[in-house]
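Novice: Return atomic coordinates for the entry below.
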Amino acid sequence: QGVLVTGLGTFAMVQERFHGEEEVYAVRRPVFRLDIDALRLQELAFPTVVIPGDVKIKPLNYKWLSRATSFPQHVVEDCVQETILLYSFQLRNRQRLAFAFKDIGVLSCKDDVLCMRFYYDCVTGLESKASRIALLHT
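Specialist: Presented below is the predicted three-dimensional model:
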């Protein structure tokens, strides 16, 4: 599954196989594919993340967020879009602020490299059997 946050990127869970010394591990791990306008971030590097075509991507569910926060849906939509615009503006103006996502991780920029660092609990929550392998490859 995956969630598209228009103007920012896509969060998804992917399953990959890794060969250990004695066995093959199928590991589920979170990924983030950045989707901020590249023209705005010319001086920044960011990892290229491939999300397999069989992963179902859905847009951010503003109706659910509206119910969860008790704010009208249009207010939630405007807030998300304005936050994304502000963050991309700050990046473009060389303000390297971290962008935290509750229970998921932090999008941060260090040495002109923008990357998503997932929280330990997010990774291990997806993968209980091979969590160390998932952590190493996330």
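
Novice: Could I get the contacting residues of the residue in the chain sticking out farthest from the centre?
Specialist: Computed with C-alpha atoms, centre = their mean, the maximum C-alpha offset from the centroid of the chain is found at residue 22, amounting to 31.9 Å. Residues in contact with residue 22, defined by C-beta atoms under 8 Å, 6 or more residues apart in numbering, are absent; none qualify. C-betas here are computed from N, CA, C, even on glycine.

Novice: Next, it: phi, psi?
Specialist: Recorded main-chain torsions at residue 22 are phi -120, psi -10, according to degrees, to the nearest 10.

Novice: now swap in residue 93 and tell me
Specialist: When read as degrees, to the nearest 10, the backbone of residue 93 gives phi -90, psi 20.

Novice: For it, give its distance to residue 54.
Specialist: For residue 93, the distance to residue 54 (C-beta to C-beta, to the nearest Å) stands at 39 Å.

Novice: out of everything not next to it in sequence, what's closest to the residue positioned nearest the centre of the chain?
Specialist: Centrality entry for the chain: nearest residue to the mean C-alpha point is residue 32, 3.4 Å, by C-alpha atoms, centre = their mean. When the adjacent residues along the chain are set aside, residue 32 lies closest to residue 116, with 3.7 Å between them (C-beta to C-beta, 6 or more residues apart in numbering).

Novice: hmm, who's touching the helix or strand harbouring that neighbour?
Specialist: Counting by DSSP states H and E, the element that carries residue 116 is strand 113-118. For strand 113-118, contacts defined as C-beta under 8 Å, 6+ apart pick out 30-32, 34, 41, 44-47, 91, 104-109, 138.

Novice: what's the answer for stretch 49-62, then?
Specialist: The set of residues external to stretch 49-62 that reach it, using C-beta under 8 Å, 6+ apart, is 1-6, 10, 12-14, 31-34, 73, 76-77, 80.

Novice: please redo it, this time with the cut-off set to 6 Å
Specialist: When contacts are taken as C-beta atoms under 6 Å, 6 or more residues apart in numbering, the neighbours of stretch 49-62 outside the stretch itself are 1, 2, 3, 4, 5, 10, 12, 31, 33, 73, 76, 77.
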